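1. What would the 3D arrangement of this be:
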Amino acid sequence: MAAETWSAQELLNAGWSEADLAWEAAAERTAEAVAQQNYLLAKDVAGQALQIARADFEPIDPRLGTSLANYGLCLSLSNHGEENAFLFREAIDVWRRSAPWIARMDAPRVARSSLFHMRMEARHRDTYRARWQQRWQEIAAEATMRLEALNAFNSASAADAMAHWRRERPAMLNDTRKLMAAAFLLLAPPAPKADTR
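-> Okay, here's the model as predicted:
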């Protein structure tokens, strides 16, 4: 897959910063290193992602939660897992407190198929935004459940996480992409299925 390149003006126009793009790249490299079982590299790159998140993101930004969890997991995988339980708890706390961050997200304008669809989106903007808010909350709830199931011995397949991210990653730089990166690059296992009996 070819690397994406964005000019400083494109980042600014999209409401992104260099830190947003650097975090996403570091989170991708972390998942790739775990998939290749290069755990020392994964730990170092996850540490870089965590540094970016702590320095440049709000304490309620889901990307910080993902950085904390992934770093804790990489510490465990590289046999340096003394503080991972604390990191996992902090990650869960960040994800649980992310609702205000999600509430401020902008719904992407994506209707492109016809003038009719663009007009409908413009006319029903509040409904459209409410649907996005519902979807974003579902993504966050699922990520939180995955984190609650995480410990040092059960992680998601990093290869599966990367495949999911590459398949679903929005082409545009927008708030949805930030949240999806945080959720899909989180190396926590799938959420446990509810008992339907």
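2. Following element in sequence after the helix or strand bottoming out on mean pLDDT in the chain, please.
-> Of all regular secondary-structure elements in the chain, judged by mean pLDDT, DSSP states H and E, the least confident is helix 115-123 with a mean of 68. Tracing the chain past helix 115-123, the next element assigned as helix or strand by DSSP states H and E is helix 125-148.
3. show me where this structure has helices.
-> Listed in chain order, the helices found in the chain under DSSP state H are 8-14, 18-35, 39-56, 62-77, 84-96, 99-103, 115-123, 125-148, 158-168, 175-184.
4. What confidence value was assigned to the residue nearest to residue 185 when sequence neighbours are not counted?
-> In this structure, residue 185 finds its nearest non-sequential neighbour in residue 27, 4.2 Å apart by Cβ to Cβ, 6 or more residues apart in numbering. For glycine as for every other residue, the C-beta is placed from the backbone atoms N, C-alpha and C. Reading off the per-residue confidence, residue 27 sits at a pLDDT of 97.
5. list the contacts for residue 27?
-> By Cβ atoms under 8 Å, 6 or more residues apart in numbering, the residues touching residue 27 are 49, 63, 66-67, 70, 181, 185.
6. can I get those in CSV with pLDDT and neighbour count?
-> Formatted as CSV, the contacts of residue 27 follow (pLDDT from 0 to 100; neighbours: other Cβ atoms under 10 Å):
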residue, pLDDT, neighbour count
49, 98, 27
63, 98, 29
66, 97, 30
67, 98, 31
70, 95, 32
181, 95, 23
185, 95, 26
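7. pretty sure residue 43 contacts residue 76?
-> No. Using Cβ atoms under 8 Å, residue 43 and residue 76 do not qualify as a contacting pair, with a distance of 9.4 Å.
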